[in-house]
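S.K.: Here's a sequence, model it:
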Amino acid sequence: MLKENKLVGAIVIYRMLKVISRSTFDLQAVLDTLTESAARLCRADRAAIRLAKDGAYHHVASYGFGPEQKEYMKEHALRPNRGSVTDRPGAGRTRTR
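M.R.: Next comes the predicted model:
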């Protein structure tokens, strides 16, 4: 199992470097490849990347979702609220002076 995970990890890194090294750098292609690779590495059917901006999480890339689902995610940013997974990333943040 460990050997298989190392091989999958090496393939993911190879694919990412291949996309990044293209002469016309396309950030969306990199994010799409990263999302697909993460899903495959985790043996997940679907995955998504969201960008925290202006108090919400905006869809930037996904893998395994249908066209309607992707469009919905693009149109509806997730707003953090208590008790949801969207509140957890910011929950541990404290201001240090």
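
S.K.: ok, now which ones touch the residue positioned nearest the centre of the chain?
M.R.: When C-alpha atoms, centre = their mean is applied to the chain, the residue found nearest the centroid is I49 (2.7 Å). When the contact criterion is C-beta atoms under 8 Å, 6 or more residues apart in numbering, the partners of I49 are L31, L34, T35, H59, V60, A61, S62. Any C-beta I mention is one placed from the backbone N, CA and C, and that applies to glycine too.

S.K.: pLDDT averaged over the one helix or strand it maps to - what is it?
M.R.: In this structure, I49 sits in strand 47-53 according to DSSP states H and E. Strand 47-53 carries an average pLDDT of 93.

S.K.: quick one: buried residues of the top helix by length along the chain?
M.R.: Using DSSP state H to assign secondary structure, the helix with the most residues in the chain is helix 2-20. Judged by neighbour count using 16 or more other C-beta atoms under 10 Å, the buried positions of helix 2-20 are V12, V19.

S.K.: helix or strand right after whichever strand or helix holds S62?
M.R.: Following DSSP H and E, the helix or strand that holds S62 is strand 56-63. For strand 56-63, the succeeding helix or strand toward the C-terminus, using DSSP H and E, is helix 67-75.

S.K.: Can you spell out which helices and strands pack onto that following helix?
M.R.: Using 3 or more C-beta pairs under 8 Å, 6 or more residues apart in numbering; DSSP states H and E, the elements in contact with helix 67-75 are strand 56-63.
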